[in-house]
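*Asks:* Based on what follows, work out the 3D shape:
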Amino acid sequence: MTMQVVNRKGEREDVRFDAIHEKLSSLTDGLDTNWVDAANLTKLTIEGLYDGVTTRELDQLAAETAASLASHHPDYSKLAARICVDDLHRSTKDSFSAVITDLREFIDPESGAHAPLISEEVYDIIMANKDTLDDYIDYNRDFNYDYFGFKTLERSYL
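*Replies:* Presented below is the predicted three-dimensional model:
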């Protein structure tokens, strides 16, 4: 029996070394691949998996594993952050203004009450300039953080 992962749609699928390796390899652009070994990271990540793990948990494990290898080469810290950023991008909207709308329309999960996380004034300014802001914000810059930088931002703002 093969180990399975639960994807973002809630469907179970077999854990595939090549799929995980392909994803991790795609995040190594510009890193020193003489030191950063996506195949070894894939192997170490799979060793820590269990049947029914979610893809988010798999990403988190891969990121933590990469971060633990940063003592071998600092590019592992960058790769760890890229794994986290990739996961974050999969769970957020593609435009800044759409994210701001979600924050303005936030519903508290416990009370069910409207609980905006952005003031009306800030929301109105952003919406009045949304095309400019959406064009200006480059989400690819998120991939420039190292793991410590990303985790600091995540704990403080996300």
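*Asks:* hey, where'd the strands end up in the chain?
*Replies:* Ranges of strands in the chain, per DSSP state E, are 4-6, 12-14, 53-54.
*Asks:* Please identify the buried residues of the lengthiest helix in the chain?
*Replies:* Ranked by residue count, the top helix of the chain under DSSP state H comes out as helix 75-90. Burial within helix 75-90, assessed by neighbour count using 16 or more other CB atoms under 10 Å, is assigned to 75-88. In short, each C-beta sits where N, CA and C put it, glycine included.
*Asks:* contact partners of that helix?
*Replies:* Identification of contacts with helix 75-90 by CB atoms under 8 Å, 6 or more residues apart in numbering yields 8, 23-24, 27-28, 31-32, 35-36, 41, 56, 59-60, 62-64, 66-67, 69-70, 139, 142-143, 145-151, 154, 158.
*Asks:* Among those residues, name the buried ones.
*Replies:* Buried members of those, counted by 16+ other CB under 10 Å: 23-24, 27-28, 31, 36, 41, 59, 62-63, 66-67, 69-70, 142-143, 145-147, 150-151.
*Asks:* What about those residues, which are in helices?
*Replies:* 23-24, 41, 59, 62-63, 66-67, 147, 150-151.
*Asks:* For V122, state which of these is nearest.
*Replies:* Nearest to V122, judged by CB to CB, of those is F150 at 24.3 Å.
*Asks:* and that closest one, what pLDDT?
*Replies:* Note for F150: predicted pLDDT of 98.
*Asks:* Equivalent analysis for Y157, please.
*Replies:* Model confidence at Y157, given as pLDDT, is 86.
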